[in-house]
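Peer 1: build me a structure from this.
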Amino acid sequence: MSAGQIAALIAAGAFVLLVLLLAIPLIKLGRTLDEATIAIRKAHENSDPILLGANETITHVNTQLERVDGITANAQAVSGNVSALSSVFTATLGGPLVKTAALSYGLSKAIRSRRKAKELPEGKHSRKRGRK
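Peer 2: Sure, this is the predicted structure:
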């Protein structure tokens, strides 16, 4: 054997050793990818019931929101009616009520002043000075 053949045998052996050393991580990487693929498939299979449940929940929430929207519209109509009723009440009864209150206040004040005037002895002034 010549020196070139020995060098070729050493190079071939080193190449085989290199291939074996690189094959082990590649095999492990392949197994890891297989496990990842299986996990993704399982997650995909388990996600269907979750998505169906979420879909049903969203449908139920939309139904409830439609009901709340109707309630809100009715409450808005009621508040408008109350506002209109309040305006009508103020317009029709507000003025007369204020006048009645003023008349009753004036009458009670006049009655009180007459009672005081009757209680004062004769000869004294019925009016006091500095009265507010």
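Peer 1: contact partners for residue 38?
Peer 2: By Cβ atoms under 8 Å, 6 or more residues apart in numbering, the contact set of residue 38 is empty. Where you see a C-beta, it was placed from the backbone N, CA and C, and this is true even at glycine.
Peer 1: can you tell me the helix or strand for it?
Peer 2: helix 3-89 (DSSP states H and E).
Peer 1: now that helix: mean pLDDT?
Peer 2: Mean pLDDT, computed over helix 3-89, is 92.
Peer 1: off-centre distance for whichever strand or helix holds residue 97?
Peer 2: In the assignment (DSSP H and E), residue 97 maps to helix 95-119. Using Cα atoms, centre = their mean, to the nearest Å, the mean C-alpha position of helix 95-119 is found 55 Å from that of the whole chain.
Peer 1: what of stretch 46-61?
Peer 2: That offset, for stretch 46-61, works out to 22 Å (Cα atoms, centre = their mean).
Peer 1: okay, that stretch in PDB with CA atoms only?
Peer 2: Extracted as PDB, the C-alpha positions of stretch 46-61 are listed here (Å, rounded to 0.1, in the frame of the first residue of the first chain):
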ATOM      1  CA  ASN A  46     -59.200  19.100  20.600                       C
ATOM      2  CA  SER A  47     -59.800  22.600  19.300                       C
ATOM      3  CA  ASP A  48     -62.900  21.800  17.300                       C
ATOM      4  CA  PRO A  49     -65.200  21.200  20.400                       C
ATOM      5  CA  ILE A  50     -63.800  24.400  22.000                       C
ATOM      6  CA  LEU A  51     -64.500  26.400  18.900                       C
ATOM      7  CA  LEU A  52     -68.000  25.000  18.600                       C
ATOM      8  CA  GLY A  53     -68.600  25.900  22.300                       C
ATOM      9  CA  ALA A  54     -67.300  29.400  21.700                       C
ATOM     10  CA  ASN A  55     -69.600  29.700  18.700                       C
ATOM     11  CA  GLU A  56     -72.600  28.700  20.800                       C
ATOM     12  CA  THR A  57     -71.600  31.100  23.500                       C
ATOM     13  CA  ILE A  58     -71.300  34.000  21.100                       C
ATOM     14  CA  THR A  59     -74.700  33.200  19.600                       C
ATOM     15  CA  HIS A  60     -76.200  33.200  23.200                       C
ATOM     16  CA  VAL A  61     -74.500  36.500  24.000                       C
END
